[in-house]
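Asks: Sequence plus the predicted model coming up.
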Amino acid sequence: MTSVRTDTAAPPPRARKTAGRARAAGGPLVALAVALAVVRPTAGLAEVRETLRTQTYPVRVIPGKDLRDMLNAASPIRVDGQIFHGQTRWFVRWNFRWWREADGRCRITRADTRLEVEVTMPAAGDPELRRSRPLQAYLAALDVHEIGHVEIGRRAAGAIDRGIHGLPEMPGCDALSAAVTDLAERQLQRFREEERSYDRNTGHGRTQGASIGAGVR
């Protein structure tokens, strides 16, 4: 389950620091650019920094309803008219510093990349449901599916980080900025498709066991 949007803003001239942001796996992907002052170059590949947040919504017993109906009633996740029980949103934020020589040649001196992940999952809100083996099995399988989305976000962040670090010196900083934008867009497109393929191939988790039949309580 993935909905993706990309927005890009051009940074101002001269030496600067540029940042981007991306999001996927059940939420939009966003790329942004901002400018900051730059310092003299220092080489080195920074590690992608990651923040993972998990939030839950309570599923409660509804008399006369089966477990699937209870999950559907509780879930706040609606995408294109469909109800989903789990959702992962990841954001990639990148910033880079460059140095411009007197002749205009421009090179990246440092890049820092962050991955921010938000996972939304159901949780039993009643003692009766906490004892439900079908629900616990379903939650475990759904967790496996959402972890798959997290891993895609990690690969996207790593690809963007390595790509920015690997860009060569260019004749001008405008060309370098355009190269970063192009690189990021290509990587985002690649991982957007990977998200779509992952959900298609797993049936949004059904082939991984995240399925509850009608009538199950």
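Replies: That came through fine. Residues are numbered from 1 along each chain as shown.
Asks: Verify the stated contact: residue 56 with residue 125.
Replies: No - look at residue 56 against residue 125 with C-beta atoms under 8 Å: they stay out of range, at 9.1 Å. From N, CA and C alone the C-beta is placed, and that goes for glycine too.
Asks: Please say which of those two ends up with more neighbours.
Replies: Comparing residue 56 with residue 125 by other C-beta atoms under 10 Å, the one with more neighbours is residue 125, at 16 against 13.
Asks: Angles on the backbone of that one, please.
Replies: phi -100, psi 0 (degrees, to the nearest 10).
Asks: Once you drop chain neighbours, what's closest to it?
Replies: Leaving aside its chain neighbours, residue 125 sits nearest to residue 58 (2.9 Å; criterion: C-beta to C-beta, 6 or more residues apart in numbering).
Asks: check which helix or strand covers the one you found.
Replies: Element membership for residue 58 (DSSP states H and E) is strand 49-59.
Asks: Downstream of that strand, the next helix or strand is which one?
Replies: Next element after strand 49-59 (DSSP H and E): helix 67-74.
Asks: Can I get that following helix as PDB, trimmed to CA atoms?
Replies: Coordinates of the C-alpha atoms in helix 67-74 are reproduced here as PDB (Å, rounded to 0.1, in the frame of the first residue of the first chain):
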ATOM      1  CA  LEU A  67     -12.600 -10.200  14.100                       C
ATOM      2  CA  ARG A  68     -12.200  -8.800  10.600                       C
ATOM      3  CA  ASP A  69     -15.200  -6.500  11.100                       C
ATOM      4  CA  MET A  70     -13.700  -5.300  14.400                       C
ATOM      5  CA  LEU A  71     -10.400  -4.500  12.700                       C
ATOM      6  CA  ASN A  72     -12.100  -2.700   9.900                       C
ATOM      7  CA  ALA A  73     -14.200  -0.700  12.300                       C
ATOM      8  CA  ALA A  74     -11.100   0.300  14.400                       C
END
